[in-house]
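Chemist: pasting a predicted model and its sequence here:
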Amino acid sequence: MKKGLIFYSVILVLLVLFLWQWVSKGALISQLNKVQNYNNQLQLLGGIGPLNSAHLHADVKVYINGVAIDFSQKKYQLASSFIHFEEGIGDVIHTHATGLTVGHMLNSLGMDLNSNCIVADKKSYCNGGNNKLKFYANGQLNSEFDGKIIKNLDRYLISYGDETDEEIQQQLESVTNLAPKYSLQR
């Protein structure tokens, strides 16, 4: 009689554990589905496509008071799955979703940009006096700044300071043309 009672008790405990696992996994899956749904909504509202909806490369250079930010530093590498620098290369941004902008790139690195200011290393550099923020896309002055959607093989320069035309020309020439190499490696 005791063996039968122990046997049925073990079966009952296993059944309860099985049901508990089944119910809790169902709840977990439900929560994961909600999170994914919210993520999809945010991407839609932000104009960003899903991860891996694109694979684009663009050359980028950012100067503050004549000094280039070194994006090859570890702290700037693989900062986001959607948009990042990688392989220790600090001149080519890799994007893995449609609709990503220059602003998204900088935000992923803890920086910010608009038509008046750039924030880098928690310090703001804003238009004032002789210092001016300038944004170039493919060698041409551009007013889109953070809203510029990154396109394959584009070349971007962000420059803050009081540079002469000659210094700006040197900065423009310093923007690499490596993106085509990475686009071929898809």
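Modeler: Looks like it arrived, so ask away.

Chemist: could you pull out the helices in this protein for me?
Modeler: Ranges of helices in the chain, per DSSP state H, are 2-46, 102-108, 165-174, 179-184.

Chemist: among those, show the one with the smallest mean pLDDT.
Modeler: Mean pLDDT per stretch puts helix 2-46 lowest among the helices of the chain, at a mean of 69.

Chemist: please report the distance of the closest residue to residue 176 other than its chain neighbours from residue 131.
Modeler: Closest residue in space to residue 176, ignoring its immediate chain neighbours: residue 91 at 4.3 Å, by Cβ to Cβ, 6 or more residues apart in numbering. C-beta coordinates here come from the backbone N, C-alpha and C atoms, glycine included. As judged by Cβ to Cβ, to the nearest Å, residue 91 and residue 131 stand 25 Å apart.

Chemist: so for those two, which residue has more residues nearby?
Modeler: Between residue 91 and residue 131, counted using other Cβ atoms under 10 Å, the more crowded position is residue 91 (20 against 14).

Chemist: look up how far residue 138 lies from that one.
Modeler: Taken as Cβ to Cβ, the span from residue 91 to residue 138 is 15 Å.

Chemist: cool, residue 16 as well?
Modeler: 66 Å.

Chemist: more neighbours, those two?
Modeler: residue 138 (15 against 10).

Chemist: residue contacts, that one?
Modeler: Neighbouring residues of residue 138 by Cβ atoms under 8 Å, 6 or more residues apart in numbering: 154-155.

Chemist: with residue 129 instead?
Modeler: Residues near residue 129 by Cβ under 8 Å, 6+ apart: residue 162.
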